[in-house]
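In: the following comprises the amino acid sequence and a computationally predicted model.
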Amino acid sequence: MSAEADIVLSVRDMHVRFGSNVVLDGLDLDVRRREILGFVGASGTGKSVLMRAILGLTPRQAGRITIFGHDLSAVDDDERILIDMRMGVLFQHGALFSALTVAENIEVPMREYVQLPPKLMRELAIVKLEMVGLKPADGDKYPSELSGGMIKRAALARALSLDPDIVFLDEPTSGLDPIGAAEFDELIAKLRDTMGLTVYMVTHDLDSLFTVADRIAVLGEGKVIAAGPLSTMLAHDNAWIKSYFRGKRARHIPAKVE
Ligand SMILES: Nc1ncnc2c1ncn2[C@@H]1O[C@H](COP(=O)(O)OP(=O)(O)OP(=O)(O)O)[C@@H](O)[C@H]1O
C-alpha cells in the first residue's frame, strides 16, 4: 500500500476564524489508517474547532479536507451521507439524549441513516453495548442512571453504531478516575486492534498519550507545530511541548518510548 493510500484523513491549509479571532491559520494534518492519533495543545488553541470543522459542524474560511480519498468540497449530498456514516463521534461529556434509554441512544444513528426493523436495531445495539464492556440490561437504563464511566462507554457504543472506519473522540477520559481512564484507554486500543478503527483523539490526558497513542499532533498558533511518536515529543525543543511532556506532571509516568 502506498503511503498516500494509507492516509485516511488529510487537512490542508485550514483557516477558521470567528470575527477577528483567528483560530486555525493554515493548518495541515494527516491521520493514518488504524492509528491512534492523540491531538493536544494548550486550552483554547482550537482542538475542538478543528474537530468540528472536519466534521462539517463549524464553517471554515479556507482549506481542503480529504477523507477516505474524497475531497469534501467536491462530494454531492449522497456521497457526503455515505462518508458521514463512516465517521463516529464521541463528544466531550458524552452528549447522550437524556430522554432516551442507552439502547435508544445507540439506535439514533441507525434510525437516521439506515432503515432497519426495530428488533434488528435492538440486537445490534446490544452487540455494541457488549463491545464497550456494558451489559445488555444497561441498554434499558437512562443516562441519569449511569456512572461517568458508563456514560463514556455508552457514548462510545453510539459512536460505533454504524461500524465506522474512524472515530473522533473529544477528551474521552476527562472526568474519569485514573483506573476508569486506563480501562477506557485499553478499550480504545482493543477496538482499534479488533475492528481496524482509526482513532482521532483530542485529549489532555498524559497517561492516554503515553500508553495508547501511536502518534501525537500538537496544535499551537493555529497550526500543527509537531507530529510524531512520543519519542519525537520527548526530544522536541519547543517550550510548550517540553513543559507538557517533560514537566512536573509527566516525569512520574514511565514512558513507552519506541
Ligand atoms: N462558535 C464559536 N464562536 C466564536 N468563537 C468560538 C466558537 N467556538 C470556538 N471559539 C473560539 O475558538 C477558540 C478555540 O476554542 P476550542 O474550543 O477549539 O479550544 P480547545 O483547544 O478545544 O480548548 P480546550 O482544551 O479548553 O477544550 C477559542 O478562542 C474559542 O473562544
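Out: Yep, that arrived. Keep in mind the model is a prediction, meaning the values are calculated, not measured. Numbers count the residues shown, from 1 in each chain.
In: list the buried residues for the longest helix seen in the chain?
Out: Under DSSP state H, the helix in the chain containing the largest number of residues is helix 178-195. For helix 178-195, burial by neighbour count (16 or more other C-beta atoms under 10 Å) applies to Gly180, Ala181, Ala182, Glu183, Phe184, Asp185, Leu187, Ile188, Ala189, Leu191, Arg192. All C-beta spots, glycine's among them, are computed from the backbone N, C-alpha and C.
In: can you pull up the bridge partners for the closest residue to Gly222 other than its chain neighbours?
Out: Leaving aside its sequence neighbours, Gly222 sits nearest to Asp25 (C-beta to C-beta, 6 or more residues apart in numbering; 3.0 Å). On the basis of DSSP bridges, Asp25 is bridged to His15.
In: list the contacts for Asp25?
Out: His15, Glu221, Gly222, Lys223 (C-beta atoms under 8 Å, 6 or more residues apart in numbering).
In: how close does it get to Arg60?
Out: 11 Å (C-beta to C-beta, to the nearest Å).
In: could you give the number of residues near Gly139?
Out: Gly139 sits with 22 neighbouring residues when counted by other C-beta atoms under 10 Å.
In: the ligand contacts on the protein?
Out: Counting by C-beta under 6 Å from any ligand atom, the residues of the chain close to the ligand are Phe18, Asn21, Val23, Gly41, Ser43, Gly44, Thr45, Gly46, Lys47, Ser48, Val49.
In: pLDDT score for Pro172?
Out: pLDDT, Pro172: 89.
In: give me the number of residues near it?
Out: 29.
In: that one against His204, yeah?
Out: No. Pro172 is beyond contact range of His204, at 10.9 Å (criterion: C-beta atoms under 8 Å).
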